[in-house]
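*Asks:* can't give you the sequence, but here's the structure:
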Ligand SMILES: C[C@H](N)CC(=O)CC(=O)O
Ligand SMILES: [Zn+2]
């Protein structure tokens with residue numbers, strides 16, 4: 001059964017590389033198609049049921065949202081694991097929604113991320129922590145985030161829902177604040193999204209809600225009120241908040257997301273050596289709470305995925 005002998009089955013999502021962190025920040029950030037594929041498979045072997053994937057230019061590490069870039073590692077990942085594939089439609093926050101939707105429209109994954117509102121996306125504070133950059137685009141991207149609006153209008157969101165929904169792709173609804181939960185409720189009210197809703201509440205990104213335990217409570221209370229049992233809750237904490245947020249929320253019934261997309265760390269001032277290392281750490285925390293890890297097929301059942 002999905003609620004194991006001792007505890008509930010918890011879905012671990014691992015976000016392998018993302019588009020926020022840059023290669024000079026950590027030698028362990030997967031950049032090339034080989035690195036992304038190997039890291040994804042290792043994360044699945046460590047216990048991740050869902051793999052959230054972005055692509056990068058192998059030379060510069062710059063985010064690359066072209067279907068070709070995803071095609072360089074996806075077949076290899078699918079050959080080596082039956083983990084659920086979750087392709088980003090967020091891309092990098094400065095890309096257009098037409099560009100951002102291309103990989104998922106091409107590969108029709110079981111899951112695609114969907115950002116539920118427009119927001120400031122403050123990456124520039126990382127310039128206080130990281131000083132030396134190999135590639136000029138790295139510092140430029142962080143600096144540019146002072147003026148950056150991550151655009152996700154109601155028309156953009158509807159466009160992604162219609163473009164991908166037709167192919168049976170379901171969504172990881174990225175909610176960075178309570179407003180985004182209300183936006184999701186709006187689309188539920190219009191029948192444009194179907195329960196169970198996989199809601200990924202995001203904590204600690206500058207421009208979104210903070211990482212305080214009361215912020216976690218506030219997002220959960222709001223989601224419970226708006227969606228009742230029609231949603232499956234998951235949390236991600238950015239940076240140093242990753243494991244504390246996972247621990248608190250898992251004890252309250254949440255699924256969890258880890259990965260180098262969301263945090264480069266494994267401990268205070270200690271860079272994580274791999275995505276799998278973060279999966280093993282969060283797994284330890286979850287099993288310490290008496291919880292069991294969901295397999296990919298159990299995750300498909302919990303989230304009603306097309307499989
Ligand atoms: C905070 C995360 N970067 C949220 C994210 O993963 C967005 C996406 O890819 O669509
Ligand atoms: Zn992402």
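*Replies:* Thanks, I have the structure now. Not measured: the values here are computed from a predicted model. Ligands and ions are numbered 1, 2, ... in the order given.
*Asks:* Which positions in the protein make contact with ligand 1?
*Replies:* Taking Cβ under 6 Å from any ligand atom, the part of the chain that reaches ligand 1 is made up of 15, 18, 20, 88-90, 113, 115, 174, 202, 205, 261-262. Any C-beta I mention is one placed from the backbone N, CA and C, and that applies to glycine too.
*Asks:* Report the secondary structure state of the residue in the stretch 1-150 of the chain positioned nearest to ligand 1.
*Replies:* Nearest residue of the stretch 1-150 of the chain to ligand 1: residue 90, at 2.2 Å (Cβ to the nearest ligand atom). With DSSP: H, G, I helix; E, B strand; the rest coil as the basis, residue 90 sits in coil.
*Asks:* related to what we said a few turns ago, list just the nearest of the residues of the chain next to ligand 1 to residue 55.
*Replies:* Using Cβ to Cβ, residue 88 is the member of these that lies nearest residue 55, at 8.6 Å.
*Asks:* How much space separates whichever residue of the stretch 201-307 of the chain sits closest to ligand 2 from residue 278?
*Replies:* Closest to ligand 2 within the stretch 201-307 of the chain is residue 261: 5.4 Å, counting by Cβ to the ion. Using Cβ to Cβ, to the nearest Å, residue 261 is found at 10 Å from residue 278.
*Asks:* how about the helices in the chain?
*Replies:* 33-46, 67-71, 74-80, 97-100, 102-107, 136-144, 154-165, 178-189, 213-227, 242-251, 275-288, 296-303 (DSSP state H).
*Asks:* Same list, those helices, but as CSV with mean neighbour count and distance to ligand 2 please.
*Replies:* As requested, the helices of the chain are exported to CSV (neighbours: other Cβ atoms under 10 Å; distance: least, Cβ to the ion, whole Å):
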stretch, mean neighbour count, distance to ligand 2
helix 33-46, 22, 13
helix 67-71, 17, 13
helix 74-80, 16, 15
helix 97-100, 18, 10
helix 102-107, 21, 12
helix 136-144, 16, 15
helix 154-165, 17, 14
helix 178-189, 18, 15
helix 213-227, 16, 18
helix 242-251, 21, 14
helix 275-288, 20, 13
helix 296-303, 19, 17
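*Asks:* can you redo those helices as CSV with mean pLDDT?
*Replies:* Formatted as CSV, the helices of the chain follow (pLDDT from 0 to 100):
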stretch, mean pLDDT
helix 33-46, 98
helix 67-71, 98
helix 74-80, 98
helix 97-100, 98
helix 102-107, 98
helix 136-144, 97
helix 154-165, 97
helix 178-189, 98
helix 213-227, 98
helix 242-251, 98
helix 275-288, 98
helix 296-303, 98
